[in-house]
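Visitor: Starting from these lines, generate the structure:
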Amino acid sequence: MDSLFHGQGYATAASHRIFCDRCRLRRWLDVEAVLAGSQEQLGMVPPGTAARVARACEPGRIDLASLASEFRRTGHSLVPLLRGLAAACEAGSGEMVHLGATTQDIQDTAQSLEMRDVLDEADRELAAMTTRLITLAGTHRDTLMVGRTHGQPALPITFGLKVASWLDELVRHGERLAQLRERALVAQLHGGVGTMAGFQGRGQELLADFAARLGLGVPVVGWHVARDRVAEFGTTLAMLTATLGRIAEEVRVLSRAEVGELSEGWEYGRVGSSTMPHKRNPERSEQVVLLARLARSAAALGVEGMVQEHERDARGLRMEWVTVADVSHYTLAALAILNEVLAGLQVHDERMAENAASVAEFLCTEALMLALGERIGKQSAHTLVYEVSQRAQSDGRPLRTCVRECAEITSRLSSTALDDLLDPARYVGEAGALTDRAVAHARLRPAQPGAPVPPPPARAEEGVPS
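Guide: Purely as a prediction, here's the structure:
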């Protein structure tokens, strides 16, 4: 992720702004300053303490780089920073720093703030993607293409309906992200074993003020070893990224030369191969699929972290420092890359029509079966059309020819009726209405924090590490 050469494929400038050594230490200092403010508000520390602690937490007051050796020497993840903060405080206020709190209180609360920043960025990217898909679905509402099951031609659909499926799934992810905020973004301030014993009997009052200042929720009890919130954060992002992978995989497969229905945008200077100069590979789509796999693996480790011992267990906590950052990097990178793909996506509707025409008759066997079934019964019609269509494929003959040679069919359906039934454009069902429904539903999705509201659909086409 930090590679100067390849890092842009695994992280974004935004994810690097959220996760880095200095970012993390600064966030811990910010939480300590807020804690001092809440304690002064409740009269738990002398007047003026909060202002002095806040000044000591300002950038440049503590030499963060000089703490590296102390972190190694002490083997503790927070104490060297606390000592640096205490030394930077004026008038003895350093003695009031971190009063009654435990290390994990500060680090869990800061991690909740990191997770909030990730969700804010994900919402922005998701809103942009939703807008693009609304436009794409509207533009191609009636664009005929082959619907495939098991990788084989099945029935006719429209490209608009395919996009509507992507759009509808992403809307549900937007809802999940909103619900996740309520459950996962909470403060932690419960002391060494969750009893609040170090807060002079005012722990719950202190927690409420502390959480309010940070814009976080108030948990019912401490969650030092109850890690379901963090696990849900990871699994929700992994699910979102899996959907991005599904979309990207569809772009990748449909861009094969023998299919040729979609292709990534291409700019002069992009290179697909060191030995085959002609190559234009769908590498951005491939990268999104890769990121979906990586996110799923990272989220699994987050679930593993739910199994902890007694009242605190650093094994799970320190695993989260890896998994929360990793799944966030992968998700934000996947969102950014797929947004880039969708912004430049080329839809070859003529090729979609050609592919549908090449297998047109076989796309319409259901239509033929149902029409015939009105006369001889559905099961009997299925058997008859099965025999005719399988014989046509085995003999390499046009289905239309085999159908017209079958007296059991021609005696019941006229030549004109057969022509209509074997036209795939006449058998897309309610694809257009379903596409409209998905677009309308997506437009009604309420904007999340930091996310722009998608504009009305139009009937026209429309990430570097620090």
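Visitor: show me where pLDDT drops low in the stretch 201-350 of the chain?
Guide: 268-269, 271-274, 279 (pLDDT under 70).
Visitor: how close does Arg280 get to Glu264?
Guide: According to CB to CB, to the nearest Å, Arg280 and Glu264 sit 8 Å apart. Any C-beta I mention is one placed from the backbone N, CA and C, and that applies to glycine too.
Visitor: more neighbours, those two?
Guide: Neighbour count, other CB atoms under 10 Å: between Arg280 and Glu264, Glu264 has more, with 22 against 13.
Visitor: what about the more buried one, distance to Phe159?
Guide: Counting by CB to CB, the gap from Glu264 to Phe159 is 16 Å.
Visitor: any idea where the strands of the stretch 1-150 of the chain begin and end?
Guide: In the stretch 1-150 of the chain, the strands defined using DSSP state E, counting those that start in this stretch lie at 144-149.
Visitor: Tell me where it has helices.
Guide: With DSSP state H, counting those that start in this stretch, the ranges of helices along the stretch 1-150 of the chain come out as 13-18, 21-41, 49-56, 68-74, 79-88, 103-139.
Visitor: tell me the most buried of these?
Guide: helix 103-139 (a mean of 22; mean count of other CB atoms under 10 Å).
Visitor: Which neighbouring elements make contact with it?
Guide: helix 13-18, helix 21-41, helix 159-184, helix 203-214, helix 228-254, helix 314-343, helix 431-444 (3 or more CB pairs under 8 Å, 6 or more residues apart in numbering; DSSP states H and E).
Visitor: Of all these, which one comes closest to Thr109?
Guide: Closest approach to Thr109 among the helices and strands packed on helix 103-139 is made by helix 21-41 (5.1 Å; CB to CB).
Visitor: quick one: that closest one to chain centroid distance?
Guide: With CA atoms, centre = their mean, to the nearest Å as the basis, helix 21-41 stands 30 Å off its chain's centre.
Visitor: before we move on, what about stretch 329-348?
Guide: For stretch 329-348 - counting by CA atoms, centre = their mean - the centre lies 12 Å from the chain centre.
Visitor: can you pull the buried residues of that stretch?
Guide: Neighbour counts over stretch 329-348 (16 or more other CB atoms under 10 Å) mark 329-339, 341-342, 345, 347-348 as buried.
Visitor: next one: stretch 190-198
Guide: Result for stretch 190-198 [16+ other CB under 10 Å]: buried residues 190-192, 194, 196.
Visitor: ok, those vs Ile247, which is closest?
Guide: His190 (41.8 Å).
Visitor: May I ask which helix or strand encompasses the closest one?
Guide: Under DSSP states H and E, no helix or strand contains His190.
Visitor: show me the contacts for Lys378.
Guide: 369-370 (CB atoms under 8 Å, 6 or more residues apart in numbering).
Visitor: quick one: pLDDT of it?
Guide: Per-residue pLDDT puts Lys378 at 96.
Visitor: Next, work out how far apart it and Arg124 are.
Guide: Separation of Lys378 from Arg124 (CB to CB): 50 Å.
Visitor: Dump the buried residues of stretch 190-198 into TSV; add distance to Leu363 and pLDDT as well.
Guide: Converted to TSV, those look like this (distance: CB to CB, whole Å; pLDDT from 0 to 100):
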residue	distance to Leu363	pLDDT
His190	62	97
Gly191	67	96
Gly192	67	94
Gly194	62	96
Met196	67	96
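Visitor: Which members of those define the maximum pairwise distance?
Guide: Distances among those were taken as CB to CB; the most separated pair is Gly192 and Met196, at 9.8 Å.
Visitor: returning to that earlier point: now the helices and strands packed on helix 103-139 as TSV including distance to Gly60?
Guide: Converted to TSV, those look like this (distance: least, CB to CB, whole Å):
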stretch	distance to Gly60
helix 13-18	19
helix 21-41	11
helix 159-184	33
helix 203-214	23
helix 228-254	32
helix 314-343	25
helix 431-444	46
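Visitor: now for the ones you listed, which one comes closest to Leu363?
Guide: Taking those one by one with CB to CB, helix 431-444 is closest: 13.1 Å.
Visitor: what helices or strands is the closest one leaning on?
Guide: Where contact means 3+ CB pairs under 8 Å, 6+ apart, helix 431-444 is packed against helix 103-139, strand 152-158, helix 159-184.
Visitor: quick revisit: would you convert the helices of the stretch 1-150 of the chain into TSV that also reports mean pLDDT and distance to Arg315?
Guide: Shown next, in TSV, are the helices of the stretch 1-150 of the chain (pLDDT from 0 to 100; distance: least, CB to CB, whole Å):
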stretch	mean pLDDT	distance to Arg315
helix 13-18	94	24
helix 21-41	95	19
helix 49-56	96	31
helix 68-74	91	18
helix 79-88	93	19
helix 103-139	97	12
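Visitor: Please produce a markdown table containing those, extended by distance to Leu177.
Guide: What follows is the helices of the stretch 1-150 of the chain, written out as a markdown table (distance: least, CB to CB, whole Å):
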| stretch | distance to Leu177 |
| --- | --- |
| helix 13-18 | 16 |
| helix 21-41 | 21 |
| helix 49-56 | 32 |
| helix 68-74 | 34 |
| helix 79-88 | 31 |
| helix 103-139 | 6 |
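Visitor: Between those helices, which one is closest to Gln200.
Guide: With CB to CB, the closest approach to Gln200 among those belongs to helix 21-41: 9.4 Å.
Visitor: quick one: the closest one to helix 49-56, angle?
Guide: 170 degrees (axes from the mean of the first three to the mean of the last three CA atoms, to 10 degrees).
Visitor: What helices and strands are in contact with helix 21-41?
Guide: Helix 21-41 packs on helix 49-56, helix 79-88, helix 103-139, helix 203-214, going by 3+ CB pairs under 8 Å, 6+ apart.
Visitor: residues contacting Val221?
Guide: 190, 194.
Visitor: Quick check: which element contains it?
Guide: Of the helices and strands defined by DSSP H and E, none includes Val221.
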